[in-house]
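Student: pasting the sequence and the predicted model now:
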Amino acid sequence: MQDKTVKKDQNIILENRRSMTISGITDVDSFDEREISLYTQLGELIVKGRELHIDSMSVETGDMTITGEIQAMIYGDSDRKGPVSALGRLFR
C-alpha cells in the first residue's frame with residue numbers, strides 16, 4: 001500500500017514581475033486577466049495584475065506557471081483550504 005503524506009511546502013518564484021511559478025496548489029477558485037484566486041497547501045493566495053494567463057498547471061504535482069504583469073500577491077485565510085470549484089473538479 002502506498003503511503004500518502006500531505007506535503008506542506010508552498011514555493012513561489014517570481015521572475016522580473018512577468019513570470020511566476022507556484023508549487024503546492026490544491027485548487028483554483030477563479031481567474032481572469034486581472035486576478036487569479038487559488039488555494040495552496042498553506043491557504044488562500046490571490047495574484048493580481050494585468051494580462052494574467054495561467055500558462056501551465058499540473059494536477060499531479062500542484063505546480064502552476066502564471067505570466068503577465070504581476071502587481072500583487074495577497075495571502076488569505078491559512079485555515080481554509082478552499083472549496084472544490086468546478087474548475088478544480090475539471091483539473092482532477
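Tutor: Good, I have the coordinates.
Student: ok, the longest strand along the chain: who's next to it in the sheet?
Tutor: Longest strand in the chain, counting residues (DSSP state E): strand 43-58. Here strand 43-58 has these sheet partners by DSSP bridges: strand 35-40 (antiparallel), strand 63-75 (antiparallel).
Student: that one: how far from the chain's middle?
Tutor: 6 Å (C-alpha atoms, centre = their mean, to the nearest Å).
Student: what pLDDT is listed against Asp9?
Tutor: Looking at Asp9, its pLDDT reads 79.
Student: find the nearest non-adjacent residue to it, please.
Tutor: Gly24 (5.6 Å; C-beta to C-beta, 6 or more residues apart in numbering). Using the backbone N, CA and C atoms, a C-beta is placed for each residue, glycine as well.
Student: ditto for Ser78
Tutor: Using C-beta to C-beta, 6+ apart, the nearest residue to Ser78 is Gly43, at 3.6 Å.
Student: touching, that neighbour and Asp27? I think so.
Tutor: No. In this structure Gly43 lies outside contact range of Asp27 using C-beta atoms under 8 Å: 11.2 Å.
Student: neighbour count: these two, which is higher?
Tutor: Set Gly43 next to Asp27 and count neighbours by other C-beta atoms under 10 Å: Asp27 wins out with 20 against 16.
Student: give me the beta-bridge partners of the more buried one?
Tutor: The partner residues for Asp27, given DSSP bridges, come to Tyr39.
Student: that one and Glu69, how far apart?
Tutor: 24 Å (C-beta to C-beta, to the nearest Å).
Student: same question, Glu44
Tutor: Taken as C-beta to C-beta, the span from Glu44 to Glu69 is 22 Å.
Student: that older thread, most tightly surrounded among the strands paired with strand 43-58?
Tutor: Of those, the one with the most neighbours on average (mean count of other C-beta atoms under 10 Å) is strand 35-40, at a mean of 22.
Student: was I right about Gly76 contacting Glu44?
Tutor: Yes. Here Gly76 reaches Glu44: they are 3.1 Å apart, a contact under C-beta under 8 Å.
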